[in-house]
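Q: mind looking at a prediction? Sequence and model below.
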Amino acid sequence: MIKANDPHLHSWIQIAPTSEFPIQNLPFGIFSLGDQDPRVGVAIGDYILDLCVTAQESLFDLLDIDPTVFSRPYLNDFIALGKPAWRAVRERVSVLLRNDNAEIRDNDELMHRCLVKQVEATLHLPVKISNYTDFQASLEYATNVGLLFRDPENALSPNWKHLPIGYHGRAPSIVVSNTSIHRPKGQVKFSDSPLPAFMPTQQLDFELEIAFIAGVNTTLGTAVSTAEADELIFGLVLFNDWSARDIQRWEHVPLGPFQGKSFASSVSPWVVTLDALEPFRVAGPAQTPAVLPYLEYAGNKHLDLHLKVYLQAHPQASALISQSNTRYLYWNMNQQLAHITSNGCNIQVGDIFASGTVSGPEPDSYGSLLELSWNGSKPIILPDNISRTYLEDGDTVIFKGYGERNGIRIGFGELRTRILPAT
């Protein structure tokens, strides 16, 4: 039986060779058209396959899956069915869309109702998020922050190479791509002033991240091993954990990130399944010193995914300012999930776990303006000789990400956010 990842597969839908949504991808998301209710869809080329209609037409009957899960405004109920169901639906969608399958292809009326152009649809937050955790999995990012704000001779904190450092973030302020955010206000302390001031941040920054979505509920008091983690991860999204660097700098001691981070995070709308990303598995960096046994893992648990950041200074065209890769991450997803549950912390379907800023070894691969401008000391020059150290009102930040093998590009689409003035 031909599997959904087979690079030789082709769809009866015309798909551009550079599309991030070939038949080998089939990411899940939530969309609506006009005044219809949000429902589950799968991205294919420039289109969305409406799984609500597909299920109503009995095209999933042999899968023994409740068809109403595809009419929900979040993916959670579908995800809660478990990995065998995710895999079965993706395989069935792959069959329906293959160039030699006529079930939809040769039924004009059904095709018209099943397929929606992406440009005509509204994309929604894909999951209902109960909990959000942000890690700091990039050695390069942690080192750069240490060089800027700690002792340059001891850039990393003593615990950094022993455990995946993270913090519990605020889930309700996570928004989907194309949702503008307002510049946050908070306490800022200037070095030449004895007291802090309450004001809009002057150092608004993005953080280029990847995030995974939990696919199961676990029981309080139980731990997940690195070997079990793959079965518990539904898929991945692009993630932007916005930072107000000046607010964060004043507040972060002694308890860490708070209002400098909680005002907003942004997520891409399409969830690319872990199955679709299997071709991009790679070995991770050597971890020295050796990790404790509960963080040990076997096999290739890192991913080779290209990440790009574009900055559009209104009203100019967007400019590429950073190119990174998830293979640079020191701590992988399996280790992150094993660590957060190692104390018995339970996870829930739809929980989001972000990598932290994905920075590479070269300056053009840094994943934040803090690093790219070296805390404002090296302005970034954009087209028309416009410069930036941190984000200004009206700026738009765009993330893109994809893996590529055998001429097949598996991508996440776009994560786009515009900055509005403080309220």
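A: On my side now, so go ahead.

Q: any chance of the backbone angles for the spatially closest residue to residue 340 that is not a sequence neighbour?
A: The shortest distance from residue 340 to any non-neighbouring residue, by CB to CB, 6 or more residues apart in numbering, is to residue 133 (6.1 Å). Heads up, the C-betas are built off the backbone N, CA and C, glycines and all. Here is the backbone geometry of residue 133 (degrees, to the nearest 10): phi -120, psi 140.

Q: for the longest strand along the chain, buried residues please.
A: Longest strand in the chain by number of residues (criterion: DSSP state E): strand 408-420. For strand 408-420, a neighbour-count test (16 or more other CB atoms under 10 Å) marks 408-419 as buried.

Q: now do stretch 355-367
A: 355-360, 365-367.

Q: one more: stretch 226-242?
A: Of the residues in stretch 226-242, those buried (16+ other CB under 10 Å) are 226, 229-230, 232-242.

Q: so what's the spatially closest residue to residue 375 that is not a sequence neighbour up against?
A: In this structure, residue 375 finds its nearest non-sequential neighbour in residue 148, 5.3 Å apart by CB to CB, 6+ apart. Taking CB atoms under 8 Å, 6 or more residues apart in numbering as the criterion, residue 148 is in contact with 370, 374-375.

Q: just the helices in the stretch 201-350 of the chain please.
A: 245-251, 259-262, 333-341 (DSSP state H, counting those that start in this stretch).

Q: and the contacts of the second one?
A: Counting contacts by CB under 8 Å, 6+ apart, the residues outside helix 259-262 that touch it are 134, 169-170, 173, 184, 186-187, 201, 241-249, 251-252.

Q: re earlier: quick one: the helix or strand hosting the residue nearest to residue 375 to chain centroid distance?
A: For residue 148, the host element (DSSP states H and E) is helix 139-149. Its chain's C-alpha centre and that of helix 139-149 lie 22 Å apart, by CA atoms, centre = their mean, to the nearest Å.

Q: next one: stretch 9-16
A: With CA atoms, centre = their mean, you get 26 Å for stretch 9-16.

Q: one more: stretch 235-246?
A: With CA atoms, centre = their mean, you get 8 Å for stretch 235-246.

Q: what about that stretch, average pLDDT?
A: Computed over stretch 235-246, the mean pLDDT rounds to 98.

Q: how far away from the center of its chain is stretch 287-302?
A: 23 Å.

Q: got the buried residues for it?
A: 287, 291, 295, 297, 301-302.

Q: list the contacts of residue 273.
A: By CB under 8 Å, 6+ apart, the residues touching residue 273 are 26-28, 86, 90, 234-235.

Q: what pairs with it across the strands?
A: On the basis of DSSP bridges, residue 273 is bridged to residue 235.

Q: please report the distance of it from residue 212.
A: 11 Å (CB to CB, to the nearest Å).

Q: try residue 143
A: 24 Å.

Q: those two: who's more crowded?
A: Set residue 143 next to residue 212 and count neighbours by other CB atoms under 10 Å: residue 212 wins out with 24 against 18.

Q: the stretch 201-350 of the chain: strands as residue ranges?
A: With DSSP state E, counting those that start in this stretch as the criterion, the stretch 201-350 of the chain has strands at 204-205, 208-214, 233-240, 243-244, 265-267, 272-273, 281-282, 302-303, 306-312, 319-325.

Q: before we move on, the earlier item: tabulate the helices of the stretch 201-350 of the chain (JSON lines), appending mean neighbour count and distance to residue 69.
A: JSON lines is the format used below for these (neighbours: other CB atoms under 10 Å; distance: least, CB to CB, whole Å):
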{"stretch": "helix 245-251", "mean neighbour count": "21", "distance to residue 69": "39"}
{"stretch": "helix 259-262", "mean neighbour count": "21", "distance to residue 69": "31"}
{"stretch": "helix 333-341", "mean neighbour count": "24", "distance to residue 69": "24"}
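
Q: okay, those in a markdown table with distance to residue 8 next?
A: Converted to a markdown table, those look like this (distance: least, CB to CB, whole Å):
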| stretch | distance to residue 8 |
| --- | --- |
| helix 245-251 | 48 |
| helix 259-262 | 45 |
| helix 333-341 | 29 |
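
Q: between those, which gets nearest to residue 2?
A: Between residue 2 and the helices of the stretch 201-350 of the chain, the tightest spacing by CB to CB is seen for helix 333-341, at 27.9 Å.

Q: what does that closest one contact?
A: Helix 333-341 has contacts (CB under 8 Å, 6+ apart) with 133, 135, 137, 163-164, 166, 212, 214, 218, 222-227, 229-230, 232-233, 291, 294-295, 297, 301, 347, 353, 355.

Q: now with 6 Å?
A: Here helix 333-341 makes contact (CB atoms under 6 Å, 6 or more residues apart in numbering) with 135, 163-164, 212, 223-226, 229, 294-295, 297, 301, 353.

Q: out of the residues you listed, which is nearest to residue 103?
A: Nearest member of the contacts of helix 333-341 to residue 103, counting by CB to CB, is residue 212, at 32.5 Å.

Q: so the host helix or strand of residue 84 versus strand 233-240, what angle?
A: Taking DSSP H and E as the definition, residue 84 sits inside helix 83-97. Compare the direction of helix 83-97 with that of strand 233-240 by axes from the mean of the first three to the mean of the last three CA atoms, to 10 degrees and you get 80 degrees.

Q: hey, C-alpha coordinates of whichever helix or strand comes after helix 83-97 in CSV?
A: Counting by DSSP H and E, the next helix or strand C-terminal to helix 83-97 is helix 108-114. Presented in CSV, the C-alpha positions along helix 108-114 are these (Å, rounded to 0.1, in the frame of the first residue of the first chain):
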residue,chain,number,x,y,z
ASP,A,108,-18.3,18.2,-10.0
GLU,A,109,-21.0,19.0,-7.4
LEU,A,110,-19.1,17.3,-4.6
MET,A,111,-15.8,18.8,-5.6
HIS,A,112,-17.4,22.3,-5.5
ARG,A,113,-18.7,21.7,-2.0
CYS,A,114,-15.5,20.0,-0.7
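
Q: for helix 108-114, the distance to its chain's centre please.
A: That offset, for helix 108-114, works out to 32 Å (CA atoms, centre = their mean).
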